[in-house]
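In: build the 3D model from these lines:
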Amino acid sequence: MTKRTQLALATVLVAALALGASGCSDTQKGSAGAGGSNPAAANDGKILGGTPVKGGTLTVLSNQDFAHLDPARNWTMPTMDFGTRLLYRTLVTFKAEPGKAGSELVPDLATDLGTPSNGGRTWTFTLKEGVKYEDGSPVKAQDIKYNVERSFSPDLTGGPDYAAQYLAGTEGYKGPLQGQHLDSVKTPDDRTIVFELRRPVAEFSATATLPTFAPVPQSQEKGTQYDARPFSSGPYKIESYDRDKKLVLVRNEHWDPGTDTVRKAYPDRFVVVMGLKGGQIDDRIIAGEGADASTVQYADMRPESAPKVLPKPEVKARLLAESQGCTEMLHLNNSRAPFDDPKVREAMQYAVDKEAVVTAGGGPALNEIATAYLPPALSGGKQADVLKIAPAGDPAKAKELLKAAGKETLKVSLSVSTGDKGKAEAIQQGLSRAGIEVVIDTVDPGAYYDVIGDLSTTPDMTLAGWCPDYPSGSTWIPFVFDGRTIKDKGNQGNYSQFRDEATMKRIDEINAMADAQEANRAWIELDAALTAKSPNVPLLLERKPLLVGTNIAGAFGHPVWTGTIDYATVGLKDPSKSQG
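Out: Sure thing, here's the model as predicted:
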């Protein structure tokens, strides 16, 4: 799934403070180069602040609005965490625990993880009794079916594509707004939902964790306006939502903790304050005065804040920086010149200065260089390095390849989220060594993925990452490299618009494998083969640095949601000290 990053250009001082030694970090060992302990990894796998006390207001400080809270459209990090933990429940979810335990599946709306039949082509779920919406009405199986159908609507773009990829009989389907419904999703009664798939999917239980499999009653349908007021089946409901400014959540009095083993719902209220500058957020939480003691940050800590945090034990103790488990990439638009030429794309692999991008992203304590597409968690703990390019690149080799392609000089556009301007400038400077001129366009983070996902507005290059929805190569390579997933609007993952028949054929072959270990090996092999075709340039493997206030308890970075704070369990030490 798409990830969001909000980091800016850091100085060499930041890298030196964060690292204390040269070399790239090993996210598996929590080290920062040879012989060095990574200060950013001090709280890996820990829960900060102890157990929360029920009550009070927890404030989330953010530089952006949510792109989409509508569960049919919610497919970015960390919005999925926020939506599925606070506003709506899904058939299945993940445990609210740090580390490996957080990747364990548990029932949510369903009584179990689903029952496969017909060789894995049919999956049946039974809903728990007593689950209610914010108005006290019962959650029904038909409501989950309706939201799955909504995910096909051309106007409701941006959401997960799994239903379209997995369900049978969906060709040409455009959603339920015109009264058409899917025969492959059956609801024989109010508590039973059956999914008929086009092929066996052994991991469909994990697929059912996605917001697509949250309930939306047809009576609450508001089309694109549903984003502003999702109807709650979770522990909180929306009291007010002033877009780009403030979102206030209060308790859903009809949420029954007896039906929910995951969410603890400690605070009485969540208040999300939007539109703040990243450095301003960092400084407020570092100081932790007054109401800011009861805050967490939504966007990543900025790299230039590292000297205010890492050398100070009392502040570093409030820093979460779990490995995100994602790969950030420079996507090259393969659909048009100059990147429709494989030689030009290959040249880009050598032209980029990844060392400079690491520095711009906060230094080696928070980033390491990516040498392949699949993140380490999906490739046996370590990425392959097929091309063996030096970390700073090889501009001479890039020039040689460009000359062979008849493109000795290039001028290309690059769009990035506003917070990634520093990384964009590092890319720009690196490419200039090979005679490539880059024009940077910054986009508001709340609109970024809508802009780069619209084929009429997508530039020559974009900066974006991809994260697995659960630990399987099937959640990664098909979404980033399968040309059949490309959409005119709401395009997700395949921002390079890479269409390659051999790759698509191999994806189908791997998806058809019944042996999960065999499929895993095949995804890793395909990853290496894709590197040679260079649809994009893998750049970074990142940590997610997030500061919490001195009055915050129960905070940890969840392994599935790229190290984002798990909103299911976070709360306050002393609710009486909170404000708002």
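In: before we move on, which element is the nearest residue to Val185 once chain neighbours are set aside in?
Out: Among residues not flanking Val185 along the chain, Lys145 sits closest, at 4.7 Å (CB to CB, 6 or more residues apart in numbering). Just so you know, the C-beta spots here come from the backbone N, C-alpha and C atoms, and that holds for glycine as well. In the assignment (DSSP states H and E), Lys145 maps to helix 141-150.
In: contacts for that helix next, please.
Out: Residues from elsewhere that reach helix 141-150 (CB atoms under 8 Å, 6 or more residues apart in numbering): 71-72, 91, 109, 125, 127, 156, 163, 167, 173, 175-177, 181-182, 185-187, 189-193, 212-218, 221.
In: now do 7 Å
Out: When contacts are defined by CB atoms under 7 Å, 6 or more residues apart in numbering, helix 141-150 is touched by residues 71-72, 91, 127, 156, 163, 175-176, 181-182, 185, 187, 190-193, 212-218.
In: out of these, which are buried?
Out: Restricting the contacts of helix 141-150 to buried positions leaves 71-72, 91, 127, 156, 163, 175-176, 182, 185, 187, 191, 193, 212-217, with burial counted as 16 or more other CB atoms under 10 Å.
In: from Trp123, how far out is the nearest residue to Gly120 once chain neighbours are set aside?
Out: The spatial neighbour of Gly120 that comes closest, neighbours along the chain excluded (CB to CB, 6+ apart), is Pro200 at 3.3 Å. Shown here: Pro200 relative to Trp123, a distance of 10 Å by CB to CB, to the nearest Å.
In: against which helices or strands is the longest helix along the chain packed?
Out: Ordering each helix of the chain by length in residues (DSSP state H) puts helix 516-533 first. Using 3 or more CB pairs under 7 Å, 6 or more residues apart in numbering; DSSP states H and E, the elements in contact with helix 516-533 are helix 477-481, helix 501-511.
In: where exactly do the helices run in the stretch 251-400 of the chain?
Out: Applying DSSP state H, counting those that start in this stretch to the stretch 251-400 of the chain gives helices spanning 278-287, 306-309, 313-316, 342-351, 354-360, 395-404.
In: pLDDT averaged over the fifth one - what is it?
Out: Okay, so that is helix 354-360. With pLDDT averaged residue by residue, helix 354-360 scores 96.
In: looking at the buried ones among the contacts of helix 141-150, which are in strands?
Out: When DSSP state E defines the strands, the subset of those inside them is Val185, Thr187, Ile193.
In: between those residues, which is nearest Val344?
Out: Closest approach to Val344 among these (CB to CB): Val185, at 44.1 Å.
In: for that closest one, name its beta-bridge partners.
Out: For Val185, the beta-bridge assignment (DSSP bridges) gives partners Phe195.
In: hang on, the earlier thing: could I get the helices of the stretch 251-400 of the chain as CSV with distance to Val271 and mean neighbour count?
Out: Formatted as CSV, the entries for these read as follows, by distance: least, CB to CB, whole Å; neighbours: other CB atoms under 10 Å:
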stretch, distance to Val271, mean neighbour count
helix 278-287, 14, 20
helix 306-309, 24, 21
helix 313-316, 23, 13
helix 342-351, 43, 22
helix 354-360, 32, 25
helix 395-404, 49, 18
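In: poorly predicted segments of this protein, please.
Out: Along the chain, segments meeting pLDDT under 70 span 2-36, 580.
In: ok, longest strand in it?
Out: strand 536-547.
In: report all helices and strands that whichever helix or strand comes after that one contacts.
Out: Later in the chain than strand 536-547, the nearest helix or strand by DSSP H and E is strand 552-553. Helices and strands in packing contact with strand 552-553 are listed as strand 571-572; criterion 3+ CB pairs under 7 Å, 6+ apart.
In: just the residues contacting the strand it packs on, thanks.
Out: Taking CB under 7 Å, 6+ apart as the criterion, the residues outside strand 571-572 that touch it are Pro52, Val53, Gly56, Leu58, Tyr266, Pro267, Ser294, Asn551, Ile552, Ala553, Gly554, Ser578.
In: now swap in stretch 204-224 and tell me
Out: Stretch 204-224 is touched from outside by 71-72, 74, 80, 83-84, 88-94, 105, 113-114, 123, 139, 143-144, 146-148, 150-151, 155-156, 159-160, 162-163, 166, 201, 231, 233, 469-470, with contacts defined as CB under 7 Å, 6+ apart.
In: ok, stretch 180-193 next?
Out: 124-127, 140-142, 144-145, 148-149, 167-170, 173, 194-196.
In: any of the contacts of stretch 204-224 buried? List them.
Out: Applying the neighbour count, that is 16+ other CB under 10 Å, the buried entries in those are 71-72, 74, 80, 83-84, 88-94, 105, 113-114, 123, 139, 143-144, 146-148, 150-151, 156, 159-160, 162-163, 166, 201, 231, 233, 469-470.
In: can you give me the end-to-end distance of stretch 104-122?
Out: Between the opening and closing residues of stretch 104-122 there is a gap of 22 Å (CA to CA, to the nearest Å).
In: can you pull the buried residues of it?
Out: The neighbour-count check on stretch 104-122 (16+ other CB under 10 Å) flags Leu105, Pro107, Asp108, Leu109, Ala110, Leu113, Gly114, Pro116, Arg121, Thr122 as buried.
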